[in-house]
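> mind looking at a prediction? Sequence and model below.
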Amino acid sequence: MADGATTKQTTLHELLADSPTNWGRWGPDDEVGALNFLTPAEVLRGVQSVKQGKVITIGMAIGNKGGDPVWPGRTSALRTMILDKGHYVAGKGPAFPGGLEYADDMVVMFLQGSTQYDALGHTWYDDKIWNGYDALTTAGGMEKDSVFPIAQRGVVGRGIFLDVARARGKDALDKGEEIHLQDLLDVAKRQGVTIEKHDILVIRTGFLNTFFTQGAAKFYEGFNEPGLAYSKELVQWFYEMEIPALCTDTIANETTIHKETGIALPLHCALMRNLGVTLNEICDLEELGQSCADDKQYTFLYAAAPIKFKNATGAPVNPIVVK
């Protein structure tokens, strides 16, 4: 190669030129995408998976000592006490008839700085977000495809747990370690379950736990998360299986950089922008993973509704698994 020559970077436009799309499938005004697959019948199918009445929440705790795992460039939530017993000791607490005292606090945080749902308009290419809306509708707030329609609708159906880390004999996948379609099918077979149409996929990598076991510095060094790796085969499978939602214990649900093209987060566009698949990220799947390993029940009712922030790119959520 001649001096000064550069290698042309593959673009999302090129990579996804013939990728399947669900645009217009539910009309020109749709803003919840593949959640339309979660009909009342699908909710009942999820209910039929309840065998024990056991409840596990998979939201990550906020306010951990040493910080919380967030996307690089974001910061952990900052919680501040506004009123506590100290104010009353100092004679500065508000007085109420009868002697009532109380504590109060507030938080400053990124709306995607904890377990959360992405809005369908969160990422894009070619100036178009989910369902063909103009990306300029995101200016100053999400006029279209915000997290609010997802929050208003809720996400309820049959969840299926795929413990990739445990299947590979690891506490956690390594940075950049890939999960391919055949891996998902193999894990399901190993666990004795079958992935069915309209299942909500809950995939454990163990990776977020390394933030707490190894520390933040090592966690962010050479940041490249493990996770699903883009392939035409995987995207076509999501399309044909009509998967409504993808949930993982990573910050972005896929490998940060696609090894073959160098593109960052291509599945965000292939799945979310093009197919309308909702992404539930930063889940804490350690308790659920141990529970499934113990009782061998890998399907369950999954229920989640992010906080109803209007015009927002995402919102915190504490999903509930009922086994």
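Good, I have the coordinates. Since this is a predicted model, take the numbers as computed values, not measurements.
> in the lengthiest strand in the chain, what counts as buried?
Selection of the longest strand in the chain by residue count, based on DSSP state E, yields strand 155-163. Using 16 or more other C-beta atoms under 10 Å as the test for burial, strand 155-163 gives 155, 156, 157, 158, 159, 160, 161, 162, 163. Placement of C-beta: from N, CA and C, glycine included.
> is it true that the third one touches residue 48?
Translated: residue 157. No. Contact criterion C-beta atoms under 8 Å: residue 157 and residue 48 do not qualify, at 11.1 Å.
> ok, now which ones touch the closest residue to residue 59 other than its chain neighbours?
Setting aside the residues directly before and after it, residue 59 is nearest to residue 318 in space (C-beta to C-beta, 6 or more residues apart in numbering), at 3.2 Å. Taking C-beta atoms under 8 Å, 6 or more residues apart in numbering, we find residue 318 in contact with 57, 58, 59, 115, 304.
> ok, residue 318 to residue 280 distance?
Going from residue 318 to residue 280 by C-beta to C-beta, to the nearest Å gives 11 Å.
> over to residue 295?
In this structure, residue 295 lies at 23 Å from residue 280, with C-beta to C-beta as the measure.
> these two - which one has more neighbours?
Neighbour totals were compared for residue 295 and residue 280, and residue 280 leads with 26 against 12 (other C-beta atoms under 10 Å).
> wait, a strand at the more buried one?
Yes. With DSSP: H, G, I helix; E, B strand; the rest coil as the criterion, residue 280 is located in a strand.
> residue contacts, it?
Residue 280 is in contact with 115, 116, 117, 155, 245, 246, 247, 248, 304, 317, 319, counting by C-beta under 8 Å, 6+ apart.
> quick check: the first one touching residue 281?
Yes. With contact defined as C-beta under 8 Å, residue 115 counts as touching residue 281 (7.3 Å).
> residues touching residue 284, list them.
Listed by C-beta under 8 Å, 6+ apart, the contact set of residue 284 reads 58, 59, 60, 61, 115, 208, 249.
> ok, now residue 303?
With contacts taken as C-beta under 8 Å, 6+ apart, residue 303 has the following neighbours: 46, 154, 155, 156, 319, 320, 322.
> what helix or strand is it located in?
Assessed by DSSP states H and E, residue 303 sits inside strand 299-304.
> list the buried residues in the helix or strand following that strand.
Beyond strand 299-304 on the C-terminal side, the first helix or strand identified by DSSP H and E is strand 314-316. Buried residues in strand 314-316, defined by neighbour count with 16+ other C-beta under 10 Å: 314, 315, 316.
> quick one: contacts of the helix or strand that strand 314-316 is followed by?
For strand 314-316, the succeeding helix or strand toward the C-terminus, using DSSP H and E, is strand 320-322. Judged by C-beta under 8 Å, 6+ apart, the contacts made with strand 320-322 from elsewhere in the structure are 50, 53-58, 159, 202, 288, 300-304.
> ok, now with 10 Å
Under the contact criterion C-beta atoms under 10 Å, 6 or more residues apart in numbering, strand 320-322 has outside partners 46-47, 49-59, 156, 159, 161, 202, 247, 283, 285, 287-288, 291-292, 300-305.
> among the buried residues of strand 155-163, which two are most distant?
Using C-beta to C-beta, those span at most 22.3 Å, a distance reached by 156 and 163.
> average pLDDT for stretch 62-73?
Along stretch 62-73, the predicted local confidence has a mean pLDDT of 93.
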